[in-house]
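Asks: build me a model:
(one chain, ligands or ions: 2)
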Amino acid sequence: MTEKLLKDIAGGLIKIRETKPLIHNITNMVVMNDTANILLHIGASPVMAHAQEEVEEMVALSGALVLNIGTLTPELVKSMIYAGKKANQLGIPVVLDPVGAGATSLRTQSSLRILNDINVTILRGNAAEIAILGGLDATVKGVDAAGVSAGSAEVAQLVAEKFGLIVAITGKIDAVSDGKRSILIENGHQMMGGLTGTCWFH
Ligand SMILES: Nc1ncnc2c1ncn2[C@@H]1O[C@H](COP(=O)(O)OP(=O)(O)O)[C@@H](O)[C@H]1O
Ligand SMILES: Cc1ncsc1CCOP(=O)(O)O
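Replies: Residues are numbered from 1 along each chain as shown. Ligands and ions are numbered 1, 2, ... in the order given. As a prediction, this is how the structure comes out:
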């Protein structure tokens, strides 16, 4: 990583501690508690708010919106769209984690619908989930990548370019791309592959 990039990341972390932004999460029941604690640990203020009746008000108070379809229902997807549209109106960044896209039609179609209806800032997932959404060949088993025709760096670049957003693919080596510039990050441990929800540890 370049020195400038490392400085920017450090600066971002300092800003989070100083401003303590509220992070609105509409997320899955598996990682919810870990996500809240990790956000607190880095100095942010987490809130999990899922009901359609409150998501627009909650996101209006927030510095970022995180949408994770890990334990989705059609009702929850509606909440994500309401919150995402409000976030777009207010210029609040939106992260989408399309957990299990490719494993079932509901997950694939819901992810594509969110990408179509909302300007997502960062699309984060494993290589197979991201490849499937980009129309590339891949197999997803539950929430895990079971096979991908291309490497993570290539998938990240192609899909970022296709949707006009930032893609972050996690795995043994992470790949991040905005379609023009890409970086690879290798700072994990193989034991992290044996824990769910570890993308939030970074
Ligand atoms: N086999 C591996 N070897 C080294 N690091 C890994 C491995 N698998 C995962 N990691 C680390 O764990 C992080 C989260 O990866 P991943 O398993 O894709 O997330 P999640 O559990 O949230 O789906 C990666 O960014 C990487 O640093
Ligand atoms: C095991 C499991 N099943 C549904 S969601 C989930 C966890 C997925 O974790 P992450 O949100 O980090 O992909």
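
Asks: Leu65 bridge partners, please.
Replies: Going by DSSP bridges, Leu65 is paired in beta bridges with His24, Val94.

Asks: list the contacts of the strand or helix carrying Ala36.
Replies: In this structure, Ala36 sits in helix 32-41 according to DSSP states H and E. By C-beta atoms under 8 Å, 6 or more residues apart in numbering, the surrounding residues in contact with helix 32-41 are Ile23, Asn25, Thr27, Ser45, Pro46, Met48, Val66, Gly197, Trp200, Phe201. (Each C-beta comes from the backbone N, C-alpha and C, glycine too.)

Asks: and if you look at stretch 17-26?
Replies: The contact list for stretch 17-26 (C-beta under 8 Å, 6+ apart) reads 32, 35-36, 39, 42-50, 55, 58-59, 61-68, 76, 79-80, 83.

Asks: change it to 6 Å
Replies: The contact list for stretch 17-26, computed with C-beta atoms under 6 Å, 6 or more residues apart in numbering, reads 35, 39, 43-48, 50, 58-59, 61-67, 79-80.

Asks: by contact count, what packs against the helix or strand following the helix holding Ala36?
Replies: As assigned by DSSP H and E, the chain's next helix or strand after helix 32-41 is strand 45-48. Strand 45-48 is packed against strand 22-26, helix 32-41, with contacts defined by 3 or more C-beta pairs under 6 Å, 6 or more residues apart in numbering; DSSP states H and E.
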